[in-house]
Every structure is written in C-alpha cells, then in structure tokens.
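>>> pasting the sequence and the predicted model now:
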Amino acid sequence: RFADGFQLASEDEEFDLRFHVLNQTDAEVFAPNNRTFGKSGLYIPRVRLYLEGRLTKLWDYEVSLQRSLEGSWDLLDGNVNFHPSDAFQVKFGRQLVPYSYDWFDHLEQYFIAPERALFPLNFGLSRQAGLMGWGHAREGKLDWALGVFNGHLTGLADNNPNLEGVGYLNFRPFLGSEQFPALHHLNVGASGSIGEITRNDTPLPMRTSVQSSDNDEAAEDASAVFLAFNKGTVYQGARRFAAVHLAYYYHGLSFESEWNIGRFQMTRPGLGNKPEIPVGGFHTTLSYFLTGEQIERRTVVQPLRPFQPFHGEWGLGAFEPFIRYSQLNLGENLFTEGLAEGRLWSNDAGMIDLGMNWYPNRWVKFYLTWQHAMFGSPVLVNEAKNTFSRDMNLFWVRGQVYF
Amino acid sequence: RFADGFQLASEDEEFDLRFHVLNQTDAEVFAPNNRTFGKSGLYIPRVRLYLEGRLTKLWDYEVSLQRSLEGSWDLLDGNVNFHPSDAFQVKFGRQLVPYSYDWFDHLEQYFIAPERALFPLNFGLSRQAGLMGWGHAREGKLDWALGVFNGHLTGLADNNPNLEGVGYLNFRPFLGSEQFPALHHLNVGASGSIGEITRNDTPLPMRTSVQSSDNDEAAEDASAVFLAFNKGTVYQGARRFAAVHLAYYYHGLSFESEWNIGRFQMTRPGLGNKPEIPVGGFHTTLSYFLTGEQIERRTVVQPLRPFQPFHGEWGLGAFEPFIRYSQLNLGENLFTEGLAEGRLWSNDAGMIDLGMNWYPNRWVKFYLTWQHAMFGSPVLVNEAKNTFSRDMNLFWVRGQVYF
Amino acid sequence: RFADGFQLASEDEEFDLRFHVLNQTDAEVFAPNNRTFGKSGLYIPRVRLYLEGRLTKLWDYEVSLQRSLEGSWDLLDGNVNFHPSDAFQVKFGRQLVPYSYDWFDHLEQYFIAPERALFPLNFGLSRQAGLMGWGHAREGKLDWALGVFNGHLTGLADNNPNLEGVGYLNFRPFLGSEQFPALHHLNVGASGSIGEITRNDTPLPMRTSVQSSDNDEAAEDASAVFLAFNKGTVYQGARRFAAVHLAYYYHGLSFESEWNIGRFQMTRPGLGNKPEIPVGGFHTTLSYFLTGEQIERRTVVQPLRPFQPFHGEWGLGAFEPFIRYSQLNLGENLFTEGLAEGRLWSNDAGMIDLGMNWYPNRWVKFYLTWQHAMFGSPVLVNEAKNTFSRDMNLFWVRGQVYF
C-alpha cells in the first residue's frame, strides 16, 4: 500500500511497517569562490532510509539510517514507543531531542529554507539516546515532551553518556476555536535543556549552511565558517539552553520565529578555569504558497496543479517563495579567554535566506536559495591569501526526493 | 504477509524475501560509577536489518546490516546457501561461525541474559567469511557443521585471511522418543576450532557486558574491563578452541551450560617467542517462564496473555526470571610474560547475572538485570584515583524490538 | 510482485519501489602466496542494496548502499531523474559517470570476468555527484550522456568539488536492420572526460583484481599490486581521458573491446612542477554460452535448463566460458620524476583472465577464473624477502546472488 511511502501491514492491522526514503543533492556556488571553508560544488547532504510502524497498537518503533556529507551511514533513529494514548507516550532509544521548535516540530524534508537557522544549525541537540515522556494532549492543543538524554554531541559512536534533561511545550490555544477561526494554527511555546559535559568534547566550527555531526573535509567544503575554535578548545562543564517560539500557519502562509539563549562552559590547555560562554540567537521566517495550497503545519505538500504531462496535467506544481532572517551571538569572552581567535573570526552573525521552493509533485521538491551572511567583524576567507570579508554569498539549489 | 517479520513472495513461492528488524537500547547504571571503563548511561548495542529468503527452493540467501556501539553500519551476514536437503547444505559467504553452542545455536534476540557469558563474550568467533557444510539430520536429532573461515578477529574490514577450521555437533538423542518424553529437548554436543593467526592482531580487553568488534570509546564506556593487554601485545600464532555443551528445555524451563577451553599464542615487542596462553571458561543458566509459556528451544516467545489493552486483553505478558553463572580463567603467563599487567588486572573472573525478562507481546522484550562480577585479584577501577576493586556491579535495563 | 527483485507499486502504477540485493563472496588463491600485496583468502568485494522506482512517470529515483572490502557501508547511488522522454532525461545526484563503455554500460552483476579490465579498474570515474543529461534516442540506436561531476576520486566523503565534464556516445547502427540482421547488436562509440584536480589527492596503487575507493588493509590483501606510488605523490592539475569501444553480441556470443587513453598531472614534495603522465589501455573479451542462451547485451541471464531438482528440472544451468586480454601502460616519467620507484614497480602490465561462468538459475552466478598478469619489468612480490616477479597468478572463485 502506498501512502507517502510504502506500507506493509498484517490483515488485522495490528502490525505494520512503513518505509520512507529521503534523498537530497545540493549544488552550491559561493561568490567569491576562493575560500578556505566553503567551496562551490556538488554535495549530498542527506540520504535517509526510514523504517517505522507498530507492533500491536500499544507499541511503535522507528529505525532509520542516515548518510550525511562525511560519507558513512549512521543510525538516525532507533527506538520503541509505548503508546497507551496519544496524550501520554514513552519513547526509549535514539530519537529527536525536544529542544527548540525548529528541531522537534520540523522534519528536514518539510523545511522552508534548505537548512536550519543559525542558532539551531549550530546548537541543536539533534538526536540522542534517551528516555522521553511525550504526547499530543487536549485534542491537539498541547504538545509536551520531557526526557533524559545521553548528552551526545558529535561523531557517530555513543560515547558521551552525560545525562541531560530536556523539556518542550507547544500550545495551539485557538485550535478548533469558533471565535477565532483564523488563529486555529497559531503555535506558541517554549523549550529548554540542562546538562553537564563531563568529558572533553571538541566543538564544531560555526557554520552557515551545513548540519554535520563531524568536522571532516566534506563538511568544511560544503559550508562557510565564521568562527573556528582554537586547537585544544573543548566543551567541558555545564550546558543550558532555553527557547521560546511563535509560529502561525494560515492558508498558504507560514510564519515562524524562535528566540534561543544559552550558556555553556569551555576550556583549553593552559586555562585553569572553565569560562561560561553566553549564546543567543533569533530567527524568523515567512513563506507563502503562490499556487493556492493551504497548510496547517509543515508537512507533505500536495500541489493543486501537479506537473504531470503524461496525464495531460500541465500544472506547474506548487511555488513557495520564502525569506528568513536569523542571527547568532556568542560571548566576547570566547576571544578574550583564548578559546577562539578574534582577529580571524566573528562572534556575531546575521543571515538572510531568500528563495523559492518548487514542488512539481508531492514527492519531489527543489529549493532555490540565495544565502547572504553578515558578520560583526571581518572573517577569514582565504588563509593562503590572507583575505577577510564581512559577508558571504551562497547560491544554492537543492533537489529532494521524499516518499 | 506478516510472520515475525514481513515476507514478500512470488506467487509460486519459489522466491521470497523476508525482512526483519532488531533494535536494542540499554540503560546501564554502574555502582559505584566513577570508573575508567564502564560509565552509567544510555547505549545502543545493536540495531540490525535482516534480509533473507530463497531463490528457488535450492538456494537461500542472507544479507544483514548491523550498527553496534561504535556507530557505523557493518555487514553482519552476507551469504548464499546451497540447500539440496535439510541434512546437507553448503553456505558460502559471511556467516556465523559454528564454534560453541552459545554462538551457533543462539540468536541475540532470543538470549536469556542480555549478553553472552564471559567466555563466549570475549572469545567467540562471531561472524566470518567462510565456506561451511552443515545441516539438520536424522529428523532433527543431529545438527552438524564443518567449515573453513578467514579467521577474522576485530574491526570492520575483511583483513585477516587466515584459514581456520571449525566444526560443531549437537545431538537431541531423545527427540520424538516415546519412552522419555520429558527428555525430548535435551541437547548435548561439542564444537571446536583450529587456526593460525599469521598477522599481528591487537586484542580487545576482557569485558563483562559488551560484544564489540572494535575497541573504541563507546565500547570502553559501555562495559567494565577486568583485563586490558599491554600496548603492543598482539595475537600471533596458533589458536585452538574446544567446547562441550549440555542444554535442556522442558515446558517453561531453560537450562544451558557449556565448558570452553582453548589456547592461543600472543607476543609483544621485545619478546623473542610467542607464549601460548591457556584459557578456560564455564557458564550455566537457568530460567523459567512464570506465566506458563512452553518452549523447545530459544526462539520467539508468544505470551499466553499478551498486554493489549486496546483489545481488552489485560494480560501482563510473559515473565521469565533467570540466573546465570559464568567464569573465565586465563593463563598466569599473560602477566609473567609481560603481555598484560598483573598489578592492574585479573586473569580470573566469575560473574552472576540475575534478572527478569518481560515479554509484553511477541515482538517487544525487556531485560532487567543485575550483573555482579568477582575477580581473582583487585582490578583497576579508576585510573586517575588509583582505586581498585575485586568486584563490579551493574544494573542494566535493555529494551528490545524484534520482528 | 517479483520481477528480478521485488516491486511495490501503487494501484495506478504512478509510483513504485523496486528492491534489489547483490551479494558477492570471493575465494582467492595466489600462487605463490607469500606476497606483500595479495594474500590467499576469503573476501567480500561487494554487498549492495538497491532502491529505485518512480514518483509519477516523470520522475525516477535511485538510492543504493554498498559495502565493499573496507567494511563500512557507503552511498552508491542517490539521485533523481527527470524523465520527460526516453531520449532526453536529466539526472541529478550521485550516479554512474558516463566515461567508458566498461563503466557506463555494464553493471557489476552482469560482468563477463569478475572485475573490470586493467584500465577501467584503475582509472574508472566510478560514481560521483553530478548533473547529467542523457537518453536512449532513435529507437535505441543511440545512447548519449553529457554531464558535469564533482571530480571525486577516493574515499567515502564528498570532498572533492572539482567540476569535471564527461560525455558518452554509443551507436547501434544496425539495430532493427532488415539487411544485416546479424549486426543488430553491434555497438560502437566513444567517451571522454576533462577535469582539473585542484586539491592534492593521494592515488591508489595499480591493481589487478580489486575495485576499491580506499587504500585500506583489506584492499591491499585482496589484490596484487604492480605499481605503488611514492609517499607524498598526489594527483594535482589536469586530468583528461578518452575511449573508443566496439562491442558485439550475437546469439550466445559476447565480444567487447575498448581503447582508453589519458593524461593526468601529479606532483610530490620537492618537485616544482606537475609532470603530465600519459596512460593508455586496451581490453578485449570473448565469451560464449555453451548452453544455448542468447543475449543482446550484458543483462540478466535466464538459463534454458535451470538446475532445479525439486521441480524435476535436472538441467545444469548455463555455462559461459570467457577469455579477456587487457593491458595498461603508464608514462616512464612516473619513475624519472620520482613519483614511483622504477626499481620496485612496473609501468606496463598485460593480463589474461580465463574462466567459466556458471548460472544455476537467473539469480545465482559463480565465476571461476584464472588471472595471469605479466609485467614489463620485475615487480616487488615480498618486501621482507626482497623477491620480485614478472608475473602473477590468481585462482579465483566468486559466488554471487543478485535479485
């Protein structure tokens, strides 16, 4: 049976297996191109295989594989979910961590811009092994999640067993309201995490366009960098994040925004203490379907006029122009404490992503984006030529298949 | 079609593809916890995808993927099996090696305790590329296997092409007997291997709770260690193992025991010869289904009263308490020859695994275990604090999905 | 639905997913065996899972995984294909690069000899991320392809974003001809590539029997080497390849031949310039089905008398003896410029592969091969013993499952 992916089910529908595939390919053109980090070229940011389903109505499972830029396949999700009711469920295993609306509510295939905004891109908690209570309560008006996770930061292996507590709330106060029908799909909420990094963990550089769990050559090529840490700098100590979000969907309109703040400790060889680095971020996104499609949240888009010439359907599919502004600010003490080099990098970045999404049918999607980043201080562009710049331009086409 | 996994078949049933998924997540609490090896936390010991089936009735195939603690996906099995009769079959490719009842008869999803006993955990031949004749002969009374394998020890790549000969026999002498119906499922047998390690191969440390083919950070975190070899110590030369086993299943009872002995050669820089290290082990396990389920061997358990409240079935599933004792003894010459440090480690370990398995339905299983290991001499617990201990306690919950 | 792999389709046939598996296991015996590179043993050269299908008739997709000798799973193909007509299609993503008939026309499961000939084995462009226009035009008489690719050379990660232009043409001038029916399946064509390697990239050694993208221990064991580059030698600068091919299939006969030439730049530390190395190669292959099967191209072989004793079909399957000659010549300047050591290696190799393929049914295939390589100058065989040889013998059995 086909229903956005293929489904195999037993006759009594007590078990099923749903199968999904995600494939993305990027063409990136940096202007100018002679950069140390960020090179024009073709990249494969994500290929995923998803297996999910249920084993009697009480238990759900997920197992999914991801291949990202670094080239090897990782486990994305692997968990079992105890599902006595929609409002109260318990998930055990590798799963999405419920910090920030941008991560917990949004699957990568349904994004407005191709990648996340500056703060969630660089400080998302991503997927970790954990135990989480969660649910959709009060007829969909309340999403909640509360869990403990192993605090995993980078790399493939399960090597960072620090318990981290994470919580999430999202309200749709006017869902189903007769008084304010236009506000049905207004979302407002907050999320936060508190943890302790007990083992030295090397940080990834701050990037503009790549979600990566490793700092390999491919990730360095595929994205601009505006802050690389000094050699030997590590995460060590407390890490706390909080966020509030506001999102609104109405007919063809998507509006999303989120404020993030946090503090984390780092250290380096020769530094006796572990200075606490403050970090803050904000992003707001606006998009609109020119072709009349109506949405209630970011999920599958079925174009009203799909592009299917073999069926005499000459519709052009769905078009969704979008604009996003995002920013990220890190504490000046990164530089004064010698954790990163202020002469080369910036602790302050703002970014505009302006583009258009084309959905020829419900499974194929193209993103066309101009990404323009602006930095608070000149940032190293080319190490050999010793050139610096206060901004960065990337022209970016992503082709995506998801079913 | 669903039958413990999903099956796709051609109409004449000449071909089929059966698909299985295994997902395990562990929560481990070490007491005390400030250990160099073995840290409380959440781990993902195994995620597997199995593809198997037949291509006409004469040929079977298996291809399966595993993701273990180290985080990358490996090939578990990949072979073709020539199947002219059940009694005589020939398998070519990567497959389970027929040494020890604990390995060759038992799939990981059907274990009594979450992981194998001390000897098979640390000295199993696991999966290797090989050519093996095997079969189930005499109406199930005799299982036999005889093969040559590439002697692969650790790591993902196929890098150790030493031929190793391995054989296995298991009898069920009273299967179908009218005289001794209570002894139908008595198993008795023996197995052995003989090989030569021609290339230096770094040994893994001796562990209590993790099956791992690599010695990475995740494996170091997930298990206690009671013997780490000195830097530079390698396997080199002959390796021989033998085992005899006795197992018995009757109604809800499982009883299993196996004696293992072996000898292998090691060396290290500065050592002119290759001393032969004797190794011996024993384990015995007892378990019983409190809830009335009857078994004939370790395979799928269908609870008599599944926990399916949506169907008005308020049964609690199946409960199976278990206890296992296992021990492992290595030659004292490991220490006297400078292959490992006797001051830090022990060549003698005994271990009790006491726990309860809960099967809410036939696909979901939870293991609750207390693992208590006892060492012949004090073992390094925390390198920084220079603490030692003669025992180790681990409280361990594993959630498993298999279908 | 089963049709050489399993297919899941929606009722209106607008979407489908086809699933294939390839599994290969090799037994290799080198004579003599005491070699530094190339050790007798069992190897697993390829395990692949293929997912492909369409999302409406206008869009095709492919996602496939490969596990090769090095043991980790890689992405093989991951692309979306815009398919308005068979004659004009556009493929975007990771895909086969259209250089050389041996690569672009031939899938590994349908090979005559187990691995490619010397030139394509060592200088294939393999799979890369790219954008390619292609098609089967003029009622199958013309295959064409033209694309830009990221110039990726070795390793798993997408780390080599150099645009490379590649083109391919294949004609079947007499396809459907009433005048020359015997020439229907005559193929003649040419292909070429032009690119620039802007980043230092370490070359793989020249091998006789292994296709590998990494230079790991497993690849070193599984194949003889006749030219290893000096440490520090890298590809850097222009790379251009061209090829012409002639192939002919008639009843049970396959005849294939291809001439390849190229030039590429290399350098090493201490060398001021980047000398251009000429390379040339040739191979010709002849095979014939003794058992009457007729083919039009290298694809699935359905034996006329399959070996299915359970159906009373005692046919022996299909038998196809084959012989291939191939050669590879590299510029003498490799040695004079110090990029490789002429005293140890040869820049000139010829090779005969003589063997027999057995197809017991359409999914299982065995290759039995004697590979005999001849070198223009003595080549290092065993480093420790300082032995050299002008030839190499490998006896090789490969078992393959593909469905």
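That came through, no problem.
>>> the closest residue to residue A:55 other than its chain neighbours and residue B:52, how far apart?
Among residues not flanking residue A:55 along the chain, residue B:363 sits closest, at 4.1 Å (CB to CB, 6 or more residues apart in numbering or on different chains). All C-beta spots, glycine's among them, are computed from the backbone N, C-alpha and C. According to CB to CB, to the nearest Å, residue B:363 and residue B:52 sit 18 Å apart.
>>> repeat for residue A:148
The gap separating residue A:148 from residue B:52 is 37 Å, by CB to CB.
>>> and if you look at residue A:176?
In terms of CB to CB, residue A:176 sits 48 Å off from residue B:52.
>>> same question for residue A:209.
Separation of residue A:209 from residue B:52 (CB to CB): 41 Å.
>>> of these two, who's got more company?
When residue A:209 and residue B:52 are compared for neighbours, residue A:209 comes out ahead with 26 against 20, by other CB atoms under 10 Å in any protein chain shown.
>>> need phi/psi at the more buried one.
Backbone torsions for residue A:209, taken as degrees, to the nearest 10, come to phi -140, psi 10.
>>> residues contacting the nearest residue to it once chain neighbours are set aside?
Nearest non-adjacent residue to residue A:209, counting by CB to CB, 6+ apart: residue A:223, 4.5 Å away. Shown in contact with residue A:223 (CB atoms under 8 Å, 6 or more residues apart in numbering or on different chains): A:37, A:38, A:207, A:208, A:209, A:210, A:212.
>>> farthest-separated two in those?
Pairwise distances across the contacts of residue A:223 (CB to CB) peak at 13.0 Å, for the pair A:38 and A:212.
>>> separation between residue A:94 and chain B?
In this structure, residue A:94 and chain B are 6 Å apart, going by CB to the nearest CB, to the nearest Å.
>>> wasn't that residue part of a helix?
No. Per DSSP: H, G, I helix; E, B strand; the rest coil, residue A:94 lies outside any helix segment and is strand.
>>> state the number of residues packed around it.
Neighbour count for residue A:94, taken as other CB under 10 Å: 28.
>>> ok, it - contacts?
A:75, A:76, A:77, A:78, A:79, A:127, A:128, A:129, A:130, B:25, B:44.
>>> skipping its backbone neighbours, what lies nearest it in space?
residue A:78 (4.6 Å).
>>> which SS state does the residue in the stretch 51-200 of chain A positioned nearest to chain C fall under?
Per CB to the nearest CB, residue A:71 is where the stretch 51-200 of chain A lies closest to chain C, at 3.0 Å. Assigned with three-state DSSP, residue A:71 falls in the coil class.
>>> and if you look at residue A:291?
Classification of residue A:291 using three-state DSSP returns coil.
>>> and it, how far is that from residue A:366?
Computed as CB to CB, the residue A:291 to residue A:366 distance reads 14 Å.
>>> and for the nearest residue to residue A:362 once chain neighbours are set aside, the neighbour number?
Distances taken as CB to CB, 6+ apart put residue A:302 closest to residue A:362, at 4.8 Å, once the chain neighbours are dropped. Residues near residue A:302, counting by other CB under 10 Å, number 13.
>>> what residues does chain A have near chain C?
Residues of chain A lying near chain C by CB under 8 Å from any CB of the partner chain: A:2, A:6, A:19, A:21, A:23, A:25, A:27, A:39-44, A:47, A:49, A:67, A:69-73, A:216-218, A:221-222, A:306-310, A:360-361, A:363-364, A:399-401, A:403.
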